[in-house]
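Participant: 3D, please:
(chains A, B, C and D)
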Protein chains: 2
Amino acid sequence: MKKSTLSDISSYTGLSVTTISRVLNGKSEQFRISRESQQKIMDAVRALNYRPNYVAQSLRNCTTRTIGLLVPCIDNPFFANIASAVIGEAHKYSYPVMVIDTHESVKDEDEAINTLLSRNVDGIIMVPSSDDPARLVELAREKPLVLIDRYFDQCDLSYVATDNYKGALEATELLIKAGHTDIMCIQGTPQSITSQRRVQGYLDALEKAGLEGNAMICGNEFSTQNGYVETKLALNMGKKISAIFALSNTIFLGAIKAISEHGLKVPEDLSIVSFDDNIYLDFLNPPVTRISQPIESISIVAVKMLMDRIKDNPVPAGGILLQPSIVLRQSVAAPRR
Amino acid sequence: MKKSTLSDISSYTGLSVTTISRVLNGKSEQFRISRESQQKIMDAVRALNYRPNYVAQSLRNCTTRTIGLLVPCIDNPFFANIASAVIGEAHKYSYPVMVIDTHESVKDEDEAINTLLSRNVDGIIMVPSSDDPARLVELAREKPLVLIDRYFDQCDLSYVATDNYKGALEATELLIKAGHTDIMCIQGTPQSITSQRRVQGYLDALEKAGLEGNAMICGNEFSTQNGYVETKLALNMGKKISAIFALSNTIFLGAIKAISEHGLKVPEDLSIVSFDDNIYLDFLNPPVTRISQPIESISIVAVKMLMDRIKDNPVPAGGILLQPSIVLRQSVAAPRR
DNA sequence: TATCTTCGCGCAAACGTTTGAGCATACACT
DNA sequence: AGTGTATGCTCAAACGTTTGCGCGAAGATA
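Facilitator: Predicted coordinates:
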C-alpha cells in the first residue's frame, strides 16, 4: 500500500486539503464542515489507508510528539530500568522515546543533545554525565528539560532523584543498630552528586552515633571492578571491618566476589548492605538487604514534569527527591565479638 | 541562542540558501563554490550556532536517520539487554533509536508500528509479539524490517536469532552426560518459536540417548510465576526428577525459589540448567550453568542487516541463527542414586 | 429589493530543506 | 567581433501539513 497524502484524499473526495485537515484534526465543528463531507473524508481515509505524516506536521507545528532520553550507560541494569520505566510512562502520553547512550562521556552527551535538537524532540529527560551544568542551563532555555537521578543544586534545572542522603543514612543506622562500629563505605565516582549525598548520609549516621572517628571511605567508581578491588585491599590489609556499605549494585557485586574469595561468610563474618534493587538480590545466599530506589516513581514524576513543561503548564521550580525504601533481608547480623 | 536557519545564514553572508545548503552537504566541489564563500559560510554557521533542521530535511529527503525498535516487554532483562545492544550498535551508524514497548500485545504492536511509520523512521527492528506474520509481511514491503529473537519460518522476513534448538540440545546433552535420565523441561509460551525450538532440542537430545520415553514438558509462559508453579507442582507430586531445564531466565528464578522452599539443594539433590545469561547467575550459590544467547552479536548483525536494507544494499534473503554458548558452572552434578 | 447572517468551504502562504534548471560574468580561441 | 566554455552562483518548485483570510450561496430580516 503506497503512502497517501491529504491531497490524495482531496482528489478522492473532491474536497480541499484544508477541509480534510480540519476534519482530521477534530475541528469539524469549529469550521462547520457538513456531516456529509466528514463522512466522505472518513471513508476516503480508510479506503486509501491514510496515515498522517508527522514529519510534515512537525515542520509546520514545531512539535514532534517525541521525547529524548539520555542515559550514561544503558548496560548498567539501573539505567536500563530507568529507561524501561521512562519509556513505559511516556507511552501513556503517546510519546515515543528516542534513547541515546552517552557512555558517561561529556563529548557523547553533547553530540547526543545535538542529535535530539536537530530532530526537534519536544523535550529531553537525561541523566547528566558532566559535572558542569553550564551547557544544560543553556539547553533548558530552548527545550523542556528534566534531569533524573543526577542533578546540580547550584542552578535551577528541574530534577527528580532519589533522596540518596536519607537512604544512606538509614542504611548506616541499620548497621549501627545491629551493633556495627566498623563500617566501610565503598563509594562511586566522588564527583557525582549521587555518591556525595550517600557518603554524607553515611557520615552523618556515624556522627549521630558518636562514631565519626570510625569513618572508612574508599573507592572511586560505580563499577564491579572498584567494589572488588577495594574490598580485596581492605581484607588483605587486615583492616578491622565488620560491615560493608556498597554504594551501588555494581560495587556490591565486586565486594561479595572479594568476600567469598577470602573465604568469609555473609552475614556471620561480615554484614553487607547495598544500594539499588534487583530481583536477583533475593536469590543470593543470603538474600541481600538493600536500599531500593523508587525508579518507577522517579520516572512517573519526571515524565509528568516534562509533559507539563512541554505544555507550558506551570511547573514548580527546582527538583524533587523521592524516598528510597529499605528492603530488609538477611545480609546483616550482629558483628562477631 | 535562537534557532537559525539556512536563510539566516543567507542574510548573514549575502549568499543564497542554495549555495549554503550545498556547502553544508559537502557538495562545494561538485557545484564549484569558491573557497572564499565556503569560508564565509562556515564562519556564519559558527557565529549563528546553526544546526540543521532534520525535520525539514526529512520532509524533503524522505529519510529521518532514525530507526525504531519494538520489544515485547522491556522490563524483562533479556529484552532490556537487546535494547541496550541495539541502541549501542545503531549509534555506531549515527542512528538514534526510538524504542517502544509492545507489552506482548498485538494491538500495542500495531499501534507502535503506526507510530513509527507516521514518524517516518528509516527502518524497524522488532521482536514480534504476534504469531501471525501477515501484517509484518505487508509492513516489510514498505519499510526495511528485521526481526530479532523471534521469527517466522514460513515467510521470508529477515531475522536474526539464537539457534535455540542447538542451545537446548546441548544443554540437555550436558545433563544426560552427567547421568541424568529424568529431566523436566519447563517451557515458555508454547506458541512462540523460541519455546518450540528449545523444546525440540530437548526432545531430540533425549531421543538420541534413547530416553524419549522420559520426556517431561510442562509450563506455558516465560515468567517467574510459571517456573515457580510448575516446579512446586512437580515436587509436591513427588515426581521422579533429577534435573530441571528452565527455558528462560525468568522461569529459572521461579524454579529455584520452589526448589529452595522444598528444602532441596542444587546440585546435590537436583541439577538445573537455565537459558539466558545474567551476571548475577555467577553469584548465586551455586553459580548456575546456563545457555547464553549471543545478544551482542545478534544486535550487531540485525543492525547491519537493517542498514543494508536501508541503503538498498543486497541482503541475503531469510534469516540467520547465531550459536549460543554454554556457560559451565556448578549447578549440574551427577544424580543421586 | 436591498442588506445582513449564517453556512460550508477554498486559496495560498508558510515551516526549512534540497535540487534541476538556468544565468551572468570572465576568459580563451578563432 | 563572434563563438565557446568554464566559473560561481541564484531561482523557484517541491516535500505534506496547518491556518489566517476570504468568498459565494442561501436564507433571514427590513
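
Participant: host element of A:Ile244?
Facilitator: Element membership for A:Ile244 (DSSP states H and E) is strand A:243-246.

Participant: for that strand, what is the distance to the chain centroid?
Facilitator: With C-alpha atoms, centre = their mean, to the nearest Å as the basis, strand A:243-246 stands 24 Å off its chain's centre.

Participant: next structured bit after it?
Facilitator: As assigned by DSSP H and E, the chain's next helix or strand after strand A:243-246 is helix A:249-261.

Participant: which strands and helices sit next to that following helix?
Facilitator: Where contact means 3 or more C-beta pairs under 8 Å, 6 or more residues apart in numbering or on different chains; DSSP states H and E, helix A:249-261 is packed against helix A:224-236, strand A:243-246, strand A:271-275. For glycine as for every other residue, the C-beta is placed from the backbone atoms N, C-alpha and C.

Participant: that helix to helix A:224-236, inter-axis angle?
Facilitator: Counting by axes from the mean of the first three to the mean of the last three C-alpha atoms, to 10 degrees, helix A:249-261 lies at 40 degrees to helix A:224-236.

Participant: what's the angle between helix A:249-261 and strand A:271-275?
Facilitator: Using the same axes, to 10 degrees: helix A:249-261 against strand A:271-275 is 160 degrees.

Participant: contacts for helix A:249-261?
Facilitator: With contact meaning C-beta atoms under 8 Å, 6 or more residues apart in numbering or on different chains, helix A:249-261 is reached by A:76-78, A:186, A:188, A:219, A:222-232, A:235, A:244, A:246, A:266, A:270, A:272, A:274-276, A:278, A:284, A:288, A:290, B:279-280, B:283.

Participant: what of stretch A:196-208?
Facilitator: Stretch A:196-208 is contacted from outside by A:163-173, A:176, A:183, A:185, A:187, A:190, A:212, A:214-215, A:217, A:245, A:247, A:275, using C-beta under 8 Å, 6+ apart.

Participant: what about the helices in chain A?
Facilitator: Counting by DSSP state H, chain A has helices at residues A:6-13, A:17-24, A:35-48, A:54-61, A:77-92, A:106-118, A:134-142, A:164-177, A:193-208, A:224-236, A:249-261, A:295-310.

Participant: now render these as JSON lines, adding distance to B:Glu111.
Facilitator: Below are these laid out as JSON lines (distance: least, C-beta to C-beta, whole Å):
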{"stretch": "helix A:6-13", "distance to B:Glu111": "22"}
{"stretch": "helix A:17-24", "distance to B:Glu111": "18"}
{"stretch": "helix A:35-48", "distance to B:Glu111": "17"}
{"stretch": "helix A:54-61", "distance to B:Glu111": "14"}
{"stretch": "helix A:77-92", "distance to B:Glu111": "10"}
{"stretch": "helix A:106-118", "distance to B:Glu111": "23"}
{"stretch": "helix A:134-142", "distance to B:Glu111": "31"}
{"stretch": "helix A:164-177", "distance to B:Glu111": "37"}
{"stretch": "helix A:193-208", "distance to B:Glu111": "36"}
{"stretch": "helix A:224-236", "distance to B:Glu111": "39"}
{"stretch": "helix A:249-261", "distance to B:Glu111": "34"}
{"stretch": "helix A:295-310", "distance to B:Glu111": "19"}
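
Participant: tell me the confidence at A:Gly318?
Facilitator: A:Gly318 is assigned a predicted lDDT (pLDDT) of 85.

Participant: would you mind measuring from it to B:Ala47?
Facilitator: 34 Å (C-beta to C-beta, to the nearest Å).

Participant: what about the nearest residue to A:Phe283 once chain neighbours are set aside, how many residues close to it?
Facilitator: Leaving aside its sequence neighbours, A:Phe283 sits nearest to B:Leu284 (C-beta to C-beta, 6 or more residues apart in numbering or on different chains; 5.9 Å). B:Leu284 has 20 neighbours, counted by other C-beta atoms under 10 Å in any protein chain shown.
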